[in-house]
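Colleague: Return atomic coordinates for the entry below.
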Amino acid sequence: QVQLVESGGGLVQAGGSLRLSCTASSRTFGRNFMAWFRQAPGKEREFVAAINWSGGGTYIANSVKGRFTISRDIPKNTVSLRMNSLKPEDTAVYYCAADSTYYGLGYDSIGEYDYWGQGTQVTVSS
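Modeller: Next up, the predicted model:
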């Protein structure tokens, strides 16, 4: 069983920055994408960013494009989300996810991902 452990959440003022990290417990499981999703209170979980693990191609949701960057460190088995110019509407629990089995649903689909972290809270104050 693969475990994903997130870190780096917290409280920040609007305009500030945070960096989230997610480390996988296993190096040997195959993965197509790793991604970040978020869920605000009373809202559905939504796609934020994804990275193709082998090729490094990145995909960013329009709502955070230009402010958020996703990256990976293969030797450290870690994916990171750099969040700049944070807004109160970015407040949510952020989840790391790994796509091990190809379902063909798309990198931005919750159903595409087999493994999920426990989530880390990001709160942006105005």
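
Colleague: Tabulate the CA atom coordinates of stretch 49-61 in PDB.
Modeller: Provided in PDB are the C-alpha atoms of stretch 49-61 (Å, rounded to 0.1, in the frame of the first residue of the first chain):
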ATOM      1  CA  ALA A  49      -2.300  21.000 -10.700                       C
ATOM      2  CA  ALA A  50      -0.800  17.800 -12.100                       C
ATOM      3  CA  ILE A  51       2.600  16.700 -13.300                       C
ATOM      4  CA  ASN A  52       3.600  13.800 -15.600                       C
ATOM      5  CA  TRP A  53       5.900  11.800 -13.400                       C
ATOM      6  CA  SER A  54       8.200  10.600 -16.100                       C
ATOM      7  CA  GLY A  55       8.100  13.400 -18.600                       C
ATOM      8  CA  GLY A  56       7.700  16.300 -16.300                       C
ATOM      9  CA  GLY A  57       4.900  18.000 -18.300                       C
ATOM     10  CA  THR A  58       2.700  20.200 -16.000                       C
ATOM     11  CA  TYR A  59      -1.000  21.100 -16.100                       C
ATOM     12  CA  ILE A  60      -2.400  23.900 -14.000                       C
ATOM     13  CA  ALA A  61      -6.000  24.800 -13.400                       C
END
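
Colleague: and for that stretch, what are the contacting residues?
Modeller: Stretch 49-61 is contacted from outside by 31-36, 46-48, 64, 68-72, 74, 79, 81, 107-108, using CB atoms under 8 Å, 6 or more residues apart in numbering. The way it works is simple: take the backbone N, C-alpha and C, and place the C-beta from them, glycine included.

Colleague: Buried ones in it, by neighbour count?
Modeller: 49-53, 58-61 (16 or more other CB atoms under 10 Å).

Colleague: What of stretch 33-45?
Modeller: 33-38, 45.

Colleague: Tell me which residues are up against it.
Modeller: 20, 22, 24, 46-53, 70, 72, 79, 81, 89-99, 107-108, 110, 112-113, 119, 122.

Colleague: so how far is Gln118 from Tyr95?
Modeller: To Gln118, Tyr95 is 8 Å away according to CB to CB, to the nearest Å.
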